[in-house]
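In: A predicted structure for the sequence below; I have some questions about it.
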Amino acid sequence: MAQEFDFLVIGSGIAGLSYALKVAEYGTVAVVSKTELKETNTAYAQGGIASVMYDPDTFEKHIEDTLIAGDGVCNIEAVRKVITEAPEQINQLLNWGTSFDKDSEGQFDLHREGGHSEHRILHHKDNTGAEIQRALISQIKNHPSITVMEHNFAVDIITQHHLGKVTEPWMRDIQCYGAYVLNKEIGKVETILAKTTMMSTGGIGSVYQTTTNPLIATGDGIAMVFRAKGIIENMEFVQFHPTSLYNLSVRPSFLITEAMRGYGGILRRINGEEFMHDYDSRGCLAPRDIVARAIDNELKLRGDEYVYLDVRHKDAEETKQHFPNIYKKCLSVGIDITKDMIPVVPAAHYLCGGIKVDLNGRSSINNLYATGECASTGLHGANRLASNSLIEALVFSDAAAKDAVKSIDKIEINKRIPTWNDEGTSHPEEMILITQSNKEVQQIMSKYVGIVRSNIRLDRAYDRLEVLYRETESLFQGSKVSEKICHLRNKINVGYLIIKMARKRKESRGLHYTIDFPDKLKD
Ligand code: FAD
Ligand code: SIN
């Protein structure tokens, strides 16, 4: 028996939960999360959330900073929308019980990060995301219209394709009727029908070997929409965070927040030399793509495994007070950041592109919205300004909620959807077929489609991934659905989209840098 809801929300980060809370006043809501509600990229966010708060900051300055970072690919309307609506959404977060640090005069203690011309980052110590996630979960759990479905994995969205009709990427009348969802506790794929569906499945960091993202960031939503023939864009713009703690055996890589460079942290070679001024006049406060490429270059030139981030010159008590979690984490691996330099390396961190949406968060598939990291709203363009993503998720989820409730009473649930058919499938006998392919995907993406790219590397990556694609599709068709095989399939789809879009771009722009076309084409 299918379950029916007015609103289906796939994902329990800031995008999904803030949307769910807003639409829940207008109908029944299911929030599906593949692990626990709290295991999200959102909960890992450290630096904070950007919003213009006080003089001398202005919307125009924040808009300008965002456009400069976006390198000619931003949609100005999306940029204006997010930045001018940010203060209202910050108020909403406060009303939901989120707390941000204040100074002794009771004003918000605003940080400044790379690429920002003013102090405008609200934060809760160095674990802002965990605080936001906590507040949202406490609201969700108390809401009578919201059904929380943890440990439920969305396998695919349901469209006309599942009614035996052919759908094509250029069709503008593809409909979303809900999703097939694997209930992990009973191992069965169930049908969830909904009038509208929100895709808020987050990022793709796990497609790479080294990432700051938790293991859930496998690009599932993007892969599902791609398979359903929805429009995906800007996938070549993958942001690598310059400073994650060097520790190859730990996944995800622990983030050393950019706020540490804003605080005065200095990047140094292993021999102690400062090097960022060799690359950019802004030194350590240059935008993160420039810093990440500079570190990548230093590591390749010198054959070193890491560079250092140094805050030893700062007041030790202040450092501990500003960065309590980083202090604790580093101490646990024998690094006292008030006395020792921190070994850091770049790691895959954020995807600027994704499911193309309009200003209301609508995807190209009818009754399917997408917001948060899986969506491409036009805010970030070719490069994201630090701390602009949490606020983007809030603003676009708000817009999507307002849009979705307007038409909810006119949409009918489609009752003719067949149940998931797994006749003739069996459990794969050898899990090594999945685990080894997964490693290969991550290696291919990290070695060939990382911070610096080239034609030959991209071609090689494409050819290798194609083999994995064929093998995995054939395994998937014959297998009972499991999260592991779906993850592999989704990562291959996402890797393919990144490579395909990177190969198309015959220039270097924003986060996409290729040695074969080092210059930017004229805008
Ligand atoms: P997420 O918070 O990742 O939530 C995704 C949800 O989807 C999860 O609940 C997951 O379980 C669920 N899901 C995924 N696939 C499926 C599936 N198939 N079925 C069911 N459920 C599924 N941004 C800032 O603005 N400021 C910062 O300071 C900042 N710091 C960061 C630090 C780190 C270490 C990281 C990793 C990111 C940081 N970011 C920051 C980026 C920001 O955290 C994310 O872009 C944002 O939280 C994404 O929110 P989201 O709701 O889109 O996705
Ligand atoms: C950080 O704290 O450096 C991450 C900020 C971000 O990704 O926006």
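Out: Received the coordinates, thanks. Ligands and ions are numbered 1, 2, ... in the order given.
In: in the stretch 201-350 of the chain, which spans are helices?
Out: Along the stretch 201-350 of the chain, the stretches classed as helices by DSSP state H, counting those that start in this stretch are 220-227, 259-262, 288-302, 316-322, 324-332.
In: Let me know which of those is the nearest to ligand 2.
Out: Shortest separation from ligand 2 across the helices of the stretch 201-350 of the chain is recorded for helix 259-262, at 5.6 Å, computed as Cβ to the nearest ligand atom. Just so you know, the C-beta spots here come from the backbone N, C-alpha and C atoms, and that holds for glycine as well.
In: Pull out the CA atoms of the closest one and give them to me as PDB.
Out: Written as PDB, here are the backbone C-alpha positions of helix 259-262 (Å, rounded to 0.1, in the frame of the first residue of the first chain):
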ATOM      1  CA  ALA A 259      37.200  32.000   9.900                       C
ATOM      2  CA  MET A 260      40.600  31.000  11.200                       C
ATOM      3  CA  ARG A 261      42.200  32.800   8.300                       C
ATOM      4  CA  GLY A 262      39.800  35.700   8.900                       C
END
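In: May I have the residues that are in contact with the residue nearest to residue 225 when sequence neighbours are not counted?
Out: For residue 225, ignoring the flanking residues on the chain, the nearest one in space by Cβ to Cβ, 6 or more residues apart in numbering is residue 355 at 4.8 Å. Listed by Cβ atoms under 8 Å, 6 or more residues apart in numbering, the contact partners of residue 355 are 199, 221-222, 225, 230-232, 363, 370, 374-376.
In: Quick one: buried ones out of those residues?
Out: When burial is judged by neighbour count using 16 or more other Cβ atoms under 10 Å, the buried members of these are 199, 221-222, 225, 230, 232, 363, 370, 374-376.
In: quick one: secondary structure of residue 421?
Out: At residue 421, secondary structure determined by DSSP: H, G, I helix; E, B strand; the rest coil is coil.
In: Next, it: phi, psi?
Out: Here is the backbone geometry of residue 421 (degrees, to the nearest 10): phi -110, psi 110.
In: And for it, the neighbour number?
Out: Applying other Cβ atoms under 10 Å, we find 9 residues neighbouring residue 421.
In: One more: residue 424?
Out: Taking other Cβ under 10 Å as the definition, residue 424 ends up with a neighbour count of 7.
In: What of residue 412?
Out: Residues near residue 412, counting by other Cβ under 10 Å, number 8.
In: Could you find the closest non-adjacent residue to it?
Out: Using Cβ to Cβ, 6+ apart and skipping residues adjacent in sequence, the residue nearest residue 412 is residue 195, 7.5 Å away.
In: Between helix 324-332 and whichever helix or strand residue 135 is part of, find me the angle.
Out: If you go by DSSP states H and E, residue 135 is part of helix 128-141. With axes from the mean of the first three to the mean of the last three Cα atoms, to 10 degrees defining the directions, helix 128-141 sits at 120 degrees from helix 324-332.
In: rewinding a little: helix or strand for the residue nearest to residue 225, which one?
Out: Of the helices and strands defined by DSSP H and E, residue 355 is found in strand 354-356.
In: Is any residue of the helix holding residue 135 near ligand 2?
Out: No. Residues of helix 128-141 are not located near ligand 2 by Cβ under 6 Å from any ligand atom, the shortest gap being 8.2 Å.
In: That helix: what's the following helix or strand?
Out: Counting by DSSP H and E, the element after helix 128-141 in chain order, helix or strand, is strand 146-149.
In: List the buried residues for the helix holding residue 135?
Out: Within helix 128-141, judged by 16+ other Cβ under 10 Å, the buried ones are 128-137, 139-140.
In: For residue 517, state which of those residues is nearest.
Out: Relative to residue 517, the closest of the buried residues of helix 128-141 is residue 129; by Cβ to Cβ it sits at 35.7 Å.
In: since we're on the nearest residue to the closest one once chain neighbours are set aside, how many residues are nearby?
Out: In this structure, residue 129 finds its nearest non-sequential neighbour in residue 45, 2.8 Å apart by Cβ to Cβ, 6+ apart. Using other Cβ under 10 Å as the criterion, residue 45 is surrounded by 27 other residues.
In: contacting residues around residue 45?
Out: Counted by Cβ under 8 Å, 6+ apart, residue 45 has contacts 128-130, 132, 390.
In: what about it, distance to ligand 2?
Out: 7 Å (Cβ to the nearest ligand atom, to the nearest Å).
In: Nearest to ligand 2 within this structure, name that residue for me.
Out: Using Cβ to the nearest ligand atom, the closest approach of the chain to ligand 2 is made by residue 47 at 2.6 Å.
In: what about residue 517, helix or strand, and which?
Out: Taking DSSP H and E as the definition, residue 517 sits outside all helices and strands.
In: Could you give the bridge partners of the closest residue to residue 253 other than its chain neighbours?
Out: Taking Cβ to Cβ, 6+ apart as the measure, residue 253 lies nearest to residue 244, with 3.7 Å between them; neighbours along the chain are not counted. Residues found in beta-bridge contact with residue 244 (criterion: DSSP bridges) are residue 255, residue 345.
In: Residue 244: what's it in contact with?
Out: For residue 244, the contact set (Cβ under 8 Å, 6+ apart) comprises 210, 212, 253-256, 344-347, 349.
In: could you redo the last one with a cut-off of 10 Å?
Out: Going by Cβ atoms under 10 Å, 6 or more residues apart in numbering, residue 244 touches 210-212, 250, 252-256, 306, 344-349.
In: residues in the stretch 201-350 of the chain within reach of ligand 1, list them.
Out: Taking Cβ under 6 Å from any ligand atom, the part of the stretch 201-350 of the chain that reaches ligand 1 is made up of 201-203, 212-213, 216, 220, 255, 350.
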